[in-house]
Every structure is written in structure tokens, then in C-alpha cells.
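**Student:** What shape does this take:
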Amino acid sequence: MHAQLGDRLVVESPVTGVTRRDGEIVGLHHDDGTPPYDVRWSDTGEITLVFPGPDAHVHPVGHGEPAGQAEPTGHAEPRGHAEPRGHGRREPSAPAPAPEGAPSGGGARAGRPGDIGRRLTAARERQGLSVAEAAARARMSPQYLSYLEEHPSDPSPATLLRLADALGTTLDALRGGDQDLPPGQGHALLHPLLTDLGEDESRELLSTHGVGRIGLTTPDGPAVLPVNYDVIDGDVVFRTATDAAPAAALGAEVAFEVDHVDDALSRGWSVLVVGPAEAVTDPEEVRRLEERAHSTPWAGGRRTLWVRIRTARVTGRRITPAEP
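**Tutor:** Below you'll find the model as predicted:
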């Protein structure tokens, strides 16, 4: 059996000869067009990995509709059920997108891309490839690749291996297996743009995070320490122990930094706060901070000293792709 992208896989009933299912072949796994295939079934729109059995055949593209039609949607087998013996093994995957130019129906918006989709997009753009060019390299339809990039999905390992080879990356990288490594090990953007952020945007980004780094001077010299923090009344506050290293910030001007690095897209931002650190000792104020805190310190233990950094200056920077 041999096929090319766009051909239809037709599965006949072994008893009546009537078409039981048919679908478009949207992905090839071998250069010579031999099975298995990624098939978008016409009755459900589902894309699955198919190993055709003896009761299946390929209907070449451009030869008209196959004899017999797929069962109506209401009579299709429930998703997630394996095909009966002889119809090939299939692996569940993501639902297929509508063809390019087709209405989305009901005004539904496309879902946000998942981590795999964002990594695919980043790898493709680093190679300077269009969706069509990357899809051709990976032996799959452009619509299928667009779907993987634009929606949360879980493609099969074989599909990811083809994409990794086509995009000059690895299966581990596409799956995010490098997430335990320090951030920033991705490739730099081809045309990065570093911009300064205004105070309002810097404060907004500062308020979205729960872990930052405080830069201070300790008896043993300069140090940068991670702490859980909140932003309350415009100031950074955090809890520590009186004998812990962050307590050395009291009575001194310190720096506090928070950032976000997106390795998949090689972009990110950072915000820096500078100001004096002071202890919060008023019981009512301490109670109010405890009520509004989003989390207890991850380090655990008894940490009853609240420290407030009075914001004297806040600045930020962001790295994004430059406009072409």
C-alpha cells in the first residue's frame, strides 16, 4: 500500500462491501508512502495514527469520491474505542481543524497553543520556514501542522520525531524535556528587540509573580536570594526568619528583581525594584499582610518577620522579535 498527502483511506465492511469509514491522509511516516498514516476521519474530524488492515485501501486524490460514504456522525464509533480487528490500530490524537478558509462555526475562537505548539512554532521560525515548507519536510499536511502549532495537542511520538528531524531539533526539546535546565538555554531570536518598559507596565508584571530575587549585602558579602513575595499597596513584601539571610536587608537599600524567560519563543522580560527595606512590626499591619498573602514561604519553618521594600524606583525591560 502506498499513499500521498491528500489521498483518502477507505475502510470497507468485510461483509457488505459498503464503506464503513473514510478519511483524508494528512501525515506520512515513510518517504515511500507506506503505512502507517495520520488520518483525519470524515465522520468525527479526529486525527489518528492508522495501521491499515486488509479491508482498507487508498483512494488517490483527484479520482473523485470513493464509492460509498462514511457512516453518519451519529453512527460513528465512540471516540477512544479501537477499530475492530482488521481495521488497523489507531492512536487517539487531537481533533482536526477546519480546512483553511472554512468558517469556524458558532463564532468559537481557536484555543491557545499548548507548550508543544509553541515549541514547534519557535523551532520552525528559527529555521526560517513557512508552515507549508515545514509540513513538506515532515511529510504532513500544512493544515495539520497549523493545528498542532495553534492548539493544545498530544501528537504521537512518531509525528514529533518527524517534526524534530524536519526542524533541526530533538524530540526531547519539543516535549520540553529540558525544562529542568536553567532558563535561557534556547536559541536567541534572529532579530531581537530590547525595549524599556514604562512604570505602569513594570508594576503590572511585578504583581503577577510570586517568587523573586532580593539583592543585598550580608556579613559574608553581596548576595542574591530567592524569596516568595507579594505586592501590597504598591510595595514588595515577603516573610523570613530573624536569623535568615534575607533579614540582613533591614535598614538598607536593596534591589529586588523578578523575570520571566520563555525558552520556547526565546523572549522574556525583567523588572527591577530599588528601595529601602524595613520590618513591619505593627500587629494590625502584620495581620493584614497575612490575610492578603497568596502563599506561605516555600522554605517552610517559622518565618514571622515581615519585610517591606518601599518602592523608590521600578524599571523593566522586554525582549521580543523585531518587526520585519
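
**Student:** Now find how far off-centre the strand or helix carrying residue 236 is within its chain.
**Tutor:** Assigned by DSSP states H and E, residue 236 belongs to strand 235-240. From the chain centre to the centre of strand 235-240 is a distance of 31 Å (Cα atoms, centre = their mean, to the nearest Å).

**Student:** Buried residues, the helix or strand following that strand. List them.
**Tutor:** Scanning forward in sequence from strand 235-240 by DSSP H and E, the next helix or strand is strand 253-262. Using 16 or more other Cβ atoms under 10 Å as the test for burial, strand 253-262 gives 254, 255, 256, 257, 258, 259, 261. (Each C-beta comes from the backbone N, C-alpha and C, glycine too.)

**Student:** just stretch 23-33 next, same as before
**Tutor:** Per 16+ other Cβ under 10 Å, stretch 23-33 contains these buried residues: 23, 24, 25, 26, 27, 28, 29, 33.

**Student:** before we move on, what about stretch 189-200?
**Tutor:** So for stretch 189-200, counting by 16+ other Cβ under 10 Å, buried means 189, 197.

**Student:** And the contacts of it?
**Tutor:** For stretch 189-200, the surrounding residues in contact (Cβ atoms under 8 Å, 6 or more residues apart in numbering) are 125-126, 128, 205, 266-267, 269, 271, 314-324.

**Student:** For PyMOL, write the selection for the buried entries among the residues you listed.
**Tutor:** Applying 16+ other Cβ under 10 Å to those, the buried members can be selected in PyMOL as follows:
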select buried, resi 125+126+205+266+267+269+271+314+316+318+319+320
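
**Student:** Mind checking which of the contacts of stretch 189-200 are in helices?
**Tutor:** 125, 126, 205 (DSSP state H).

**Student:** want to throw those into a markdown table with distance to residue 309?
**Tutor:** Listed next are the ones in helices among the contacts of stretch 189-200 as a markdown table, based on distance: Cβ to Cβ, whole Å:
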| residue | distance to residue 309 |
| --- | --- |
| 125 | 39 |
| 126 | 39 |
| 205 | 16 |
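
**Student:** By mean pLDDT, which helix or strand of the protein comes out lowest?
**Tutor:** strand 90-91 (a mean of 38; mean pLDDT, DSSP states H and E).
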